[in-house]
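Asks: from the sequence below, what's the structure:
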Amino acid sequence: MASISFIIPAYNEERLLGRTLRALDHATRALHDEAEVIVVDDASTDRTAAIAHEHGARVVAAKCRQIAATRNAGAREATGEMFVFVDADTIVTEVTIRAAIAAIRGGAVGGGCAFRFDGRVPLYGRVLAAIVVPLYRTLRLASGCLLFCTREAFRAAGGWDETLFAAEEIAMSQGLRRQGRFVILRESVTTSGRKLRAYSGRESLGILLRLSLAGRKGVRRREGLGSWYGERRADPESDA
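Replies: Now for the predicted structure:
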């Protein structure tokens, strides 16, 4: 039985999954805690599952095409007493993992951390990050790229809300906060800025505006969430 379960939802992530798994391997080698890495392959049509196997991860097959349900599928297979949900395009360091473990051992039920984008990020993306990171810290909300919690708190919170196709990290953060102390670490992870590069500022801000006007109804359906569930666009920085 592992002490820590890293749960990674993945759909057609052959380009970035390898670096995420290499970073996790490096981050966990120095830990005294036994860890397992679970990649939930959500109906990928590329080499996502093969890459996960090549890096020693346990692969769980799913056909959800919904991020909350995919994460829940991984949690059901996890054996750890601490869950760390990591996006397939996110680099986690040993320092951040140690800080998360220390927070749990210090009595927190869960938490998140700061994040930054990799590579060249357009101006609107830099402005957005400068607003979102401190806002999420103030509101004690974890970003979707990394959220950690105890198994007990996860179950008590009811897991990820499968009625949501986006903003599920907000609901999960709120659910965990009801169970006890929820912290946002000063340490950070690096996540891919590919969506910011692939979508124009007008497109991205348009999506955010429509969601803000629609409220919770806007994230209860896949329609209108093209940057999450639409055909993946080429990253101008790496896919050209």
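Asks: before we move on, which element is the nearest residue to residue 179 once chain neighbours are set aside in?
Replies: Once flanking residues are discounted, residue 179 sits nearest to residue 153: 4.4 Å by Cβ to Cβ, 6 or more residues apart in numbering. (C-beta placed from N, C-alpha, C; glycine too.) Residue 153 is part of helix 151-157 when elements are defined by DSSP states H and E.
Asks: show me what the helix or strand just after that helix packs onto, helices and strands only.
Replies: Per DSSP H and E, the first helix or strand lying C-terminal to helix 151-157 is helix 168-177. Other elements packing on helix 168-177 under the criterion 3 or more Cβ pairs under 8 Å, 6 or more residues apart in numbering; DSSP states H and E are helix 67-77, strand 110-117, strand 146-150, helix 151-157.
Asks: and if we set it to 6 Å?
Replies: Secondary-structure packing of helix 168-177 (3 or more Cβ pairs under 6 Å, 6 or more residues apart in numbering; DSSP states H and E): helix 151-157.
Asks: tell me how many other residues crowd the spatially closest residue to residue 170 that is not a sequence neighbour.
Replies: Of all residues not flanking residue 170 in the chain, residue 141 sits nearest, at 5.6 Å (Cβ to Cβ, 6+ apart). Residue 141: 22 surrounding residues under other Cβ atoms under 10 Å.
Asks: same check on residue 34?
Replies: Residue 34: 12 neighbours (other Cβ under 10 Å).
Asks: surely it touches residue 5?
Replies: No: using Cβ atoms under 6 Å, residue 34 makes no contact with residue 5, being 10.1 Å away.
Asks: look up how far residue 46 lies from the residue positioned nearest the centre of the chain.
Replies: Centroid-nearest residue in the chain, with Cα atoms, centre = their mean: residue 145, separated by 2.9 Å. Taking Cβ to Cβ, to the nearest Å as the measure, residue 145 falls 21 Å from residue 46.
Asks: which residues touch the longest helix anywhere in the chain?
Replies: If you go by DSSP state H, the chain has its longest helix at helix 123-139. Helix 123-139 is contacted by residues 114, 184, 196, 201 when judged by Cβ atoms under 6 Å, 6 or more residues apart in numbering.
Asks: mind running it again at 8 Å?
Replies: Helix 123-139 is contacted from outside by 112, 114-117, 121, 142-143, 184, 193, 196-197, 201, 204-205, using Cβ atoms under 8 Å, 6 or more residues apart in numbering.
Asks: quick one, it and helix 168-177 angle?
Replies: Per axes from the mean of the first three to the mean of the last three Cα atoms, to 10 degrees, the angle that helix 123-139 makes with helix 168-177 is 10 degrees.
Asks: tally of neighbours for residue 71?
Replies: Neighbourhood size, residue 71 [other Cβ under 10 Å]: 29.
Asks: that's a helix at residue 25, yeah?
Replies: Yes: the assignment for residue 25 by DSSP: H, G, I helix; E, B strand; the rest coil puts it in a helix.
Asks: next, count neighbours for the nearest residue to it once chain neighbours are set aside.
Replies: Excluding the flanking residues, the one nearest residue 25 by Cβ to Cβ, 6+ apart is residue 55, at 6.9 Å. Here the count is done by other Cβ under 10 Å, and residue 55 has 17 residues near it.
Asks: and residue 55, backbone torsions?
Replies: phi -100, psi 10 (degrees, to the nearest 10).
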